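**Q** For reference, the sequence and a predicted model appear below.
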Amino acid sequence: MSAVSCAKSKQQHSANYDLVVSQLLAQMTISEKIGQMSQVNGAEGSIPDDFAAAIRDGKIGSVINEVDVTTVNELQRIATKESRLGIPLLIGRDVIHGFKTIFPIPLGQAASWSPDVIEQGARIAALEASTVGINWTFAPMIDISRDPRWGRIAESLGEDPYLCSTLGTAMVKGFQGNKLNELGSIASCAKHFAGYGASESGRDYHTVNIPENELRNVYLPPFKAAAEAGVATFMAAFSDLNGVPASGNKWLMNDILRDEWDYNGLLVSDWDSIKQLSTHGFTEDDKQAALMAIDAGIDMEMASPTYRDHSESLIAEGKIDIAHIDQMVARILTLKYQLGLFENPYTCAEQLPNIVNEQHLNSAKDAAIKSCVLLQNHNNTLPLSTANINSLAVIGPLADDGYEQLGTWVFDGEEQHSQTCLQAIKKHVGDDVLVNYAKALDNTRTDNIEQINDAVALAAKSDVAVLFVGEEAILSGEAHCRSNIDLPGKQQYLIDELAKTGTPIIAVIMAGRPLTLAKVIEKVDSILYAWHPGSMGGPAIADLLFGNAVPSGKLPVTFPRTVGQIPLYYAQKHGGRPVSDDSYVHMNDIPMRAPQTSLGMSASHLDTHFTPQFPFGFGLSYSKFSYTDLELSAAEINFNQTLTITCQLTNIGDVASDEIAQLYIRDLVGSVTRPVKELKRFKRVHLLAGESKQVSFELCAQDLTFYDRDMKLNAEPGKFQLWVGGDSNASLCADFHLLANN
Ligand code: BGC
């Protein structure tokens with residue numbers, strides 16, 4: 001391979017590339033244009049002759065999954081020096097929650113409710129990915145996810161449009177930096193447009209049916225926010241949305257994304273999703289699939305070759321207008337200019353920070369600390385103190401597994417950089433506490449219980465047992481969905497047996513989704529939900545267990561009691577017969593032969609309580625907080641005014657801690673019924689023990705808008721309720737009115 005020059009760093013550019021792009025387009029043949037619209041898979045560190053020839057002939061616009069920097073630089077050299085027009089390549093890769101330094105899974109990061117944590121994680125991922133020449137990642141995944149059976153909930157930022165929009169845009173900012181052409185910035189991608197998270201029964205790739213009003217009010221807002229935040233690219237979903245698969249959905253891609261939102265970034269298909277239009281039964285063959293996707297405006301095809309194989313004949317037959325193709329290619333070329341690739345397509349790792357450096361690891365640890373959610377803490381079992389215990393049993397299949405703690409979608413993360421919980425606990429306690437370790441189960445799924453007795457014996461002779469259970473990384477993520485979301489395998493049996501010892505038990509749960517924990521809760525003292533915490537999961541969790549750090553994460557998604565409650569999310573509609581404590585009846589309490597309409601008659605299940613196991617926004621601390629003195633700057637606002645909401649937040653416990661204060665509203669009457677609560681603002685506030693701070697939020701009419709029956713975005717005058725508190729059950733409440741425009 002030839003040497004490349006890295007001397008020149010990327011130069012600043014003016015934002016407008018229209019002229020250079022149109023000049024370049026004017027020189028391109030149809031075949032070169034179609035080439036730009038094709039993304040092909042890399043060859044894992046090699047460049048076969050036909051691959052090099054295709055680049056030389058201008059038949060490839062982007063390469064996905066090549067992470068060997070020498071190979072990437074050589075690909076760029078061939079593209080820029082040996083092809084007729086010297087157009088550089090987009091180099092794409094799924095960098096989802098870190099490149100080599102792995103951060104918590106996105107759902108875990110979302111539990112930090114911290115845009116700073118998310119932005120920093122994405123920045124570090126971008127810096128590290130840039131060292132091998134990646135200039136485009138396929139993140140953030142901002143599909144609203146309300147079904148924990150769906151494996152991809154792990155990659156999501158949770159169930160709420162506002163939280164997801166806020167964190168999703170922070171991630172875009174982290175990846176893209178201030179400018180795309182700055183060293184260490186990479187293009188990001190809002191995916192999967194749209195509605196993919198609503199796959200029926202939580203089965204990946206399955207049908208999605210979402211009424212337009214719900215689509216606009218719930219599923220589209222994070223995408224609109226990403227577009228407004230300048231996300232460089234969008235990805236079409238695999239799914240069939242209301243009968244029209246996204247990759248051929250002109251209404252979604254053209255009418256909404258391009259026309260309504262005025263988005264002019266690059267739109268890429270998902271892997272083979274254009275070819276799959278025929279598998280869906282939406283098109284007859286590859287040629288028709290290419291036609292539908294081009295017509296919908298999908299600029300670049302990922303993996304499958306339908307554009308390469310059929311576009312030229314579709315143009316020749318007059319089925320596709322070349323002006324339409326030019327627009328699509330222009331968007332691809334514009335991104336290449338924006339990234340500074342025409343000035344310097346090469347990568348010099350030396351110009352970038354080292355991968356997995358100390359600062360990156362510290363940030364990953366901070367993210368993991370802020371992502372863990374304390375769900376239960378009976379008798380203040382946590383934090384542990386080395387002064388009070390002589391022995392500690394560390395038990396479970398995930399206690400010492402540096403690979404599994406990384407979670408799903410980690411193409412480039414390496415176990416060697418992980419620090420496990422067992423390692424970190426041993427380091428923390430030193431010689432002060434005897435650590436008794438037993439894996440107990442070979443993995444989370446096994447039915448083999450041979451090692452359990454030994455583990456139970458260890459727990460019995462220890463002062464406290466810390467149990468690391470959950471799901472291996474492969475049990476969540478793409479195509480890894482579950483119909484039963486209890487702890488898999490014999491882990492519940494392990495917990496039941498350990499509980500019999502009487503030793504206090506702390507369960508640290510690592511999982512890619514909310515699990516149903518009803519049977520766990522009864523048997524253990526404390527539960528720390530750690531998701532898959534990434535490379536630094538061990539030290540982060542050890543700090544939390546021993547009180548060097550205080551849990552502050554809050555659930556970005558509702559935890560159901562049982563799978564039968566799904567979908568279960570806090571922002572549900574009120575309905576005509578809402579359930580309440582007064583109307584709720586459990587089937588065990590129904591007298592025999594009770595008359596049909598004598599009791600119940602409200603929206604609930606007979607065999608489980610109507611509330612979730614843990615509500616959205618919930619998370620405990622080692623401290624406690626009180627919310628008082630709620631005040632509104634006005635009882636009424638008009639469309640031009642701002643409402644200021646203040647309350648007093650006090651740390652009434654005895655340790656310093658962060659609290660995430662949350663503001664919810666309810667629009668009491670709407671031309672389209674409104675959710676019982678909607679998150680509108682949140683703030684992470686640090687409070688010393690005993691400290692009190694005034695927390696203030698601002699809302700204006702814009703924050704009260706929703707898509708009405710005519711799919712128009714409006715705020716409707718009338719009465720609103722508002723709550724401030726530490727989770728979606730917040731009870732400190734006030735009313736205000738939005739006045740009609742005169
Ligand atoms: C996933 C995308 C991903 C793409 C490229 C697909 O299977 O749905 O999210 O970006 O593969 O790896």
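**A** Nice, I can see it.
**Q** Assign a three-state SS to the residue in the stretch 501-650 of the chain that the ligand sits nearest to, would you?
**A** For the stretch 501-650 of the chain and the ligand, the shortest gap (CB to the nearest ligand atom) falls at Gly512, measuring 14.9 Å. Placement of C-beta: from N, CA and C, glycine included. Per DSSP: H, G, I helix; E, B strand; the rest coil, the secondary structure class of Gly512 is coil.
**Q** same question, Ala455
**A** Going by three-state DSSP: Ala455 is helix.
**Q** Next: Phe736.
**A** With three-state DSSP as the criterion, Phe736 reads strand.
**Q** per-residue pLDDT, the nearest residue to Ser580 once chain neighbours are set aside?
**A** Leaving aside its sequence neighbours, Ser580 sits nearest to Ser602 (CB to CB, 6 or more residues apart in numbering; 7.0 Å). Ser602 is assigned 94 on the pLDDT scale.
**Q** from what I can see Ser602 touches His574, true?
**A** No. Here Ser602 does not reach His574: they are 11.4 Å apart, not a contact under CB atoms under 8 Å.
**Q** Just give me the neighbour total for the closest residue to the ligand within the stretch 1-150 of the chain.
**A** Residue nearest to the ligand within the stretch 1-150 of the chain (CB to the nearest ligand atom): Phe138, separated by 3.4 Å. Per other CB atoms under 10 Å, the neighbour tally for Phe138 reads 24.
**Q** Pull the contacting residues for it.
**A** 92-96, 189, 191, 235 (CB atoms under 8 Å, 6 or more residues apart in numbering).
**Q** Next: Ser385.
**A** Residues near Ser385 by CB under 8 Å, 6+ apart: 546-547.
**Q** now Asn638
**A** The contact partners of Asn638, by CB under 8 Å, 6+ apart, come to 701, 738-739, 741.
**Q** Chain neighbours aside, what residue packs nearest to the most centrally placed residue in the chain?
**A** Central residue of the chain (CA atoms, centre = their mean): Ser156, 2.5 Å from the mean position. Spatial nearest neighbour of Ser156, chain neighbours left out: Ser145 (3.9 Å); criterion: CB to CB, 6+ apart.
**Q** cool, and Val394?
**A** Nearest non-adjacent residue to Val394 (CB to CB, 6+ apart): Tyr437, at 4.7 Å.
**Q** How about the secondary structure of that neighbour?
**A** Applying three-state DSSP: Tyr437 is strand.
**Q** and it, how many residues sit next to it?
**A** Here the number of neighbours of Tyr437 (other CB under 10 Å) works out to 17.
**Q** how's this structure carved up into domains?
**A** As assigned by automatic domain parsing, the chain contains the domains 17-351, 372-545, 625-738.
**Q** returning to what we had before: filter the contacts of Phe138 down to the ones near the ligand?
**A** When contact is defined as CB under 6 Å from any ligand atom, the contacts of Phe138 meet the ligand at 94, 191.
**Q** Tell me which of the contacts of Phe138 fall in strands.
**A** If you go by DSSP state E, the contacts of Phe138 have 92-93, 189, 191, 235 in strands.
**Q** ok so, going back, next, work out how far apart the residue nearest to Ser156 and Asp160 are.
**A** As judged by CB to CB, to the nearest Å, Ser145 and Asp160 stand 10 Å apart.
**Q** Same check on Glu691?
**A** 28 Å.
**Q** before we move on, what about His417?
**A** His417 is 32 Å from Asp160, where distance means CB to CB.
**Q** So what's the residue count around the residue in the stretch 451-600 of the chain positioned nearest to the ligand?
**A** The minimum distance from the stretch 451-600 of the chain to the ligand, using CB to the nearest ligand atom, falls at Glu478 (5.6 Å). Using other CB under 10 Å, the number of residues around Glu478 comes to 18.
**Q** Check which helix or strand it maps to.
**A** Secondary structure assigned from DSSP states H and E places Glu478 in neither a helix nor a strand.
**Q** which non-adjacent residue is nearest it?
**A** Arg152 (5.7 Å).
**Q** where does the one you found land in three-state SS?
**A** The assignment at Arg152 comes out as helix when based on three-state DSSP.
**Q** where do the strands sit along the stretch 501-650 of the chain?
**A** 505-510, 526-529, 625-632, 636-637, 642-651 (DSSP state E, counting those that start in this stretch).
**Q** Can you tell me the strand partners of the second one and which way each runs?
**A** In other words, strand 526-529. Strand pairing for strand 526-529, determined by DSSP bridges: strand 373-377 (antiparallel), strand 505-510 (parallel).
**Q** Now render these as CSV, adding mean pLDDT.
**A** Listed next are the strands paired with strand 526-529 as CSV, based on pLDDT from 0 to 100:
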stretch, mean pLDDT
strand 373-377, 99
strand 505-510, 98
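**Q** winner for burial among these?
**A** Mean neighbour counts were taken over the strands paired with strand 526-529 using mean count of other CB atoms under 10 Å, and the top value, a mean of 26, falls to strand 505-510.
**Q** Not counting its neighbours along the chain, what's nearest the residue in the stretch 251-400 of the chain that the ligand sits nearest to?
**A** With CB to the nearest ligand atom, the shortest gap between the stretch 251-400 of the chain and the ligand falls at Trp271, namely 3.9 Å. Nearest in space to Trp271, with sequence neighbours left out and distances taken as CB to CB, 6+ apart, is Ala303 at 4.7 Å.
**Q** show me the contacts for the one you found.
**A** 39-41, 64, 271-272.
**Q** Could you dump these into CSV with neighbour count and pLDDT added?
**A** Formatted as CSV, the contacts of Ala303 follow (neighbours: other CB atoms under 10 Å; pLDDT from 0 to 100):
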residue, neighbour count, pLDDT
Gln39, 26, 98
Val40, 23, 98
Asn41, 14, 98
Ile64, 20, 98
Trp271, 20, 98
Asp272, 17, 98
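**Q** So for His417 and Asp160, which sits in the more crowded spot?
**A** Set side by side, His417 and Asp160 show more neighbours around Asp160, with 29 against 20, by other CB under 10 Å.
**Q** ok, the more buried one touching Lys680?
**A** No. Taking CB under 8 Å as the definition, Asp160 is not a contact partner of Lys680, at 10.3 Å.
**Q** related to what we said a few turns ago, please render the strands paired with strand 526-529 as a markdown table that adds distance to the ligand to the earlier fields.
**A** Formatted as a markdown table, the strands paired with strand 526-529 follow (distance: least, CB to the nearest ligand atom, whole Å):
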| stretch | distance to the ligand |
| --- | --- |
| strand 373-377 | 26 |
| strand 505-510 | 22 |
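**Q** Need these in CSV (columns: distance to Ala393).
**A** Output for the strands paired with strand 526-529, formatted as CSV (distance: least, CB to CB, whole Å):
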stretch, distance to Ala393
strand 373-377, 19
strand 505-510, 9
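**Q** With respect to Ala594, which of these lies nearest?
**A** Across the strands paired with strand 526-529, Ala594 has its closest neighbour in strand 373-377 (35.1 Å, CB to CB).
**Q** What is the subsequent helix or strand relative to the closest one?
**A** strand 391-395.
**Q** Give the partner strands of that following strand in its sheet and their orientations.
**A** strand 434-438 (parallel), strand 464-470 (parallel).
**Q** Comparing the ones you listed, which comes out most buried?
**A** The most buried one of the strands paired with strand 391-395 (mean count of other CB under 10 Å) is strand 464-470, showing a mean of 28.
**Q** Just list what the helix or strand just after that strand packs against, helices and strands only.
**A** The first helix or strand that comes after strand 464-470 along the chain, using DSSP H and E, is helix 491-499. When contacts are defined as 3 or more CB pairs under 8 Å, 6 or more residues apart in numbering; DSSP states H and E, helix 491-499 packs onto helix 452-460, strand 464-470, strand 505-510, helix 518-521.
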